[in-house]
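Q: coordinates for the following, if possible.
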Amino acid sequence: MSEKTSKEMVKELYQAVVGIKDNPDDNGLIGDIRDISKKLDIVNGRTRANEIRSKVNQAIIGITILGAGGGITKIMDLW
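A: Below is the predicted model of the structure:
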């Protein structure tokens, strides 16, 4: 195999980074990063939704415990 010229190496590097024109299957590193970014947006949205659900559940549990504690205190006052 012969040594590659600078022009050939630049062309290969360009194809690796940007992709090949008119080939939607090869978007290069830029396309890969774009795809990863889209997937991360979806995952982050799900994570945020789970965090909100968790905080709501914690609040409900806290309110329930405080409510029960208040009820117990009132019962103890009757003694």
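Q: check the gap between Ser2 and Leu13 for me.
A: 18 Å (Cβ to Cβ, to the nearest Å). Placement of C-beta: from N, CA and C, glycine included.
Q: these two: who's more crowded?
A: Leu13 (11 against 5; other Cβ atoms under 10 Å).
Q: in what helix or strand does the more buried one lie?
A: Assigned by DSSP states H and E, Leu13 falls within helix 6-18.
Q: any chance you could list what contacts that helix?
A: Contacts to helix 6-18, defined as Cβ atoms under 8 Å, 6 or more residues apart in numbering, come from residues Lys4, Asp26, Gly28, Leu29, Ile30.
Q: hmm, try it at 10 Å
A: With contacts defined as Cβ atoms under 10 Å, 6 or more residues apart in numbering, helix 6-18 is touched by 2-5, 20-21, 23, 26-31.
Q: from the residues you listed, list the buried ones, please.
A: Buried members of the contacts of helix 6-18, counted by 16 or more other Cβ atoms under 10 Å: Gly28.
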